[in-house]
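generate a structure from the sequence data that follows.
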Amino acid sequence: MTAAPAAGAGRRPVVVTACPDGPVLVRGADVVQDQDGTSHVVTRPVVAVCTCRRSGRMPWCDGTHKAVERAKRRKEQQQDG
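Just a heads-up that it's a prediction; the model follows:
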């Protein structure tokens, strides 16, 4: 994933923050480019980019990682108990 800042004289920095067990938050980008090279226009000040690769809205996070983590914990509990 790559992110491009806004064009022009007043360019703001792009800030990328990884959320534990969740998406990557991208602040200040106008475009996010996925691993296939497809450019996705950013229309919000902050976007959440999927890292679990299970989102139905790739490259954007749709919260699927939460269900994946719950299922993983449930499976671990069944194996332990």
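
so, low pLDDT: which residues of this structure?
2-11, 81 (pLDDT under 70).

give me the most central residue, it.
Val49 (1.5 Å; Cα atoms, centre = their mean).

now do the contacts for that one.
By Cβ atoms under 8 Å, 6 or more residues apart in numbering, the residues touching Val49 are 1, 23-26, 32, 59-61. Yep, even glycine has a C-beta here, placed from its N, CA and C like the rest.

against Val15, how distant is the closest residue to it other than its chain neighbours?
Distances taken as Cβ to Cβ, 6 or more residues apart in numbering put Val24 closest to Val49, at 4.6 Å, once the chain neighbours are dropped. Separation of Val24 from Val15 (Cβ to Cβ, to the nearest Å): 11 Å.

again, but for Lys75
For Lys75 relative to Val15 (Cβ to Cβ), the value is 35 Å.

how about Thr38?
For Thr38 relative to Val15 (Cβ to Cβ), the value is 22 Å.

just the strands in the chain please.
For the chain, applying DSSP state E gives strands covering 2-5, 15-18, 24-27, 29-33, 39-41, 46-49.

these two touch, right, Ala50 and Gly63?
Careful, residue 50 is Cys; it's not Ala. No - contact criterion Cβ atoms under 8 Å: Cys50 and Gly63 do not qualify, at 9.6 Å.
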